[in-house]
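> Task: produce atomic coordinates for the following.
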Amino acid sequence: MFLSKYHIVLASKSPRRQQLLAGMDLQFTVQTKEVDESFPEEMPLNEVAPFLSRKKAESFDALELPDNFLLITADTVVIVDDQILNKPADSAEAVEMLSLLSGKTHQVVTGVTLRCKEKMIVFSECSDVTFGDLTAAEIEWYVGQYQPFDKAGAYGIQEWIGYIAIKGVSGSFYNVMGLPTHRLFKELKQFECKNDHV
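Below you'll find the model as predicted:
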């Protein structure tokens, strides 16, 4: 395909992102680094995900990116009531997050960075997700059964809670899973590693 000249590296431990990239029929390897995911307090909330995706990409030294490497990094945040929900630390925090999402529409923003030795681009996509009302028992059952501690906002749209609680999605469904696949494919087709920095 058009990307056969590149060795694609996905810098993400997320099984959902790995599944989505594989579903796009892209050949890739996984290589991750530990990155401080803090961000400036005054930063607009919709800029946090692209900021963090860029931070992840910049954690790789240029010497670690051979000429044919194409690095993909991503970060997803959930925004509700003017606050960001990150990954829950434990069951209690997961229950608290889902209680906050119940009966409301929230935003899911995924930032993506594409980087090669000479070039880097950053973009993001936003999807609106509307939850129906959830009972306390439903929330506690989901958290107990699915342990959603590796997911922003404490839920996976592809899991049980997505089937029974999500009334609608405006924007990319796959963006809510962790990668805006349509936009990513478009950006990959346009991406050329050459001597210009973005």
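
> Going by C-alpha atoms from here, please, whenever you check contacts or count neighbours.
OK.

> before we move on, which element is Phe123 in?
According to DSSP states H and E, Phe123 maps onto strand 120-131.

> in that strand, what counts as buried?
120, 122-131 (16 or more other CA atoms under 10 Å).

> need the contact list for Leu101.
80, 131 (CA atoms under 8 Å, 6 or more residues apart in numbering).

> where does this structure have low pLDDT?
When the per-residue scores of the chain are filtered using pLDDT under 70, the ranges that remain are 1-2, 63-64, 194-198.

> My guess is Phe149 contacts Ala92. True?
No. Counting by CA atoms under 8 Å, Phe149 does not reach Ala92; the two are 10.6 Å apart.

> which strands and helices sit next to the strand holding Phe123?
With contacts taken as 3 or more CA pairs under 8 Å, 6 or more residues apart in numbering; DSSP states H and E, strand 120-131 sits against helix 48-58, strand 105-115, strand 166-170, helix 173-177.

> neighbouring contacts of the last one?
It refers to helix 173-177. The list of residues contacting helix 173-177 from outside it, by CA under 8 Å, 6+ apart, reads 16-17, 20, 76, 108-110, 125-127, 156-158, 180-181.

> Show me what the very next helix or strand once past it is in contact with.
The C-terminal neighbour of helix 173-177 among helices and strands, as given by DSSP H and E, is helix 181-190. Counting by CA under 8 Å, 6+ apart, the neighbours of helix 181-190 from elsewhere in the structure are 2-3, 20-21, 24, 112, 125, 174-175.

> and if you look at stretch 71-89?
In contact with stretch 71-89 (CA under 8 Å, 6+ apart) are residues 8-12, 45, 48-50, 52-54, 56-57, 94, 97, 100-101, 105-116, 148-154, 176, 178-179.

> That one: which residues count as buried?
Residues of stretch 71-89 classed as buried: 71-80, 84-88 (neighbour count, 16+ other CA under 10 Å).

> Most widely separated two among these?
Maximum pairwise distance among the buried residues of stretch 71-89 (CA to CA): 30.2 Å, between Leu71 and Val80.
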